[in-house]
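Colleague: Fold the following for me, if possible:
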Amino acid sequence: MPFIFINDLPKLVRDKSVPLLSADDTSVLLSHSIPTAFNNNINTAFKILNDWFKQNLISLNFTRTQFTNFTTKNDNQIEININYNNKFIPNFTDTKFLGLTVEYSLTSYRFADKTN
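Modeller: Predicted coordinates for the structure are as follows:
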């Protein structure tokens, strides 16, 4: 049985993001006050992650990959395009994370339904 050691994965994107690894999920948190820099950083981090997956013979499940642009109530949503090999990642207004469903404005959350 082959093993994959993922300890090096967070080090690869640490300067651009905060990677969060749990079981078979990988989440990446990014923040930047300048929209163009944010867009560049997220695409760079995404490319680094995908290159690591490819080197370790892991494929990203694009049907389950999404991102959420968290903002405050006073901030406007900015247009973010994340892609890899001409596959675009959809923007969702809420996301499930560690059993919670969190919406983009961070004004509410609910426990995720365990049947989904």
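
Colleague: Ala45 should be in a helix, yeah?
Modeller: Yes: judged by DSSP: H, G, I helix; E, B strand; the rest coil, Ala45 forms part of a helix.

Colleague: So which residues of the chain form helices?
Modeller: Using DSSP state H, the helices of the chain run over residues 9-13, 35-55.

Colleague: Pull out the buried positions in the last one.
Modeller: When neighbours are counted by 16 or more other CB atoms under 10 Å, the buried residues of helix 35-55 are found to be 38-39, 41-43, 45-46, 48-50, 52. C-beta here means a position set from N, CA and C on the backbone, and glycine is covered the same way.

Colleague: can you check the shortest one too?
Modeller: With burial defined by 16+ other CB under 10 Å, the residues of helix 9-13 counted as buried are 9, 13.

Colleague: which outside residues touch it?
Modeller: Residues from elsewhere that reach helix 9-13 (CB atoms under 8 Å, 6 or more residues apart in numbering): 19, 21, 26, 28, 45, 48-49, 52.

Colleague: For that helix, what is the distance to the chain centroid?
Modeller: Relative to the centre of its chain, helix 9-13 is centred 13 Å away, using CA atoms, centre = their mean, to the nearest Å.
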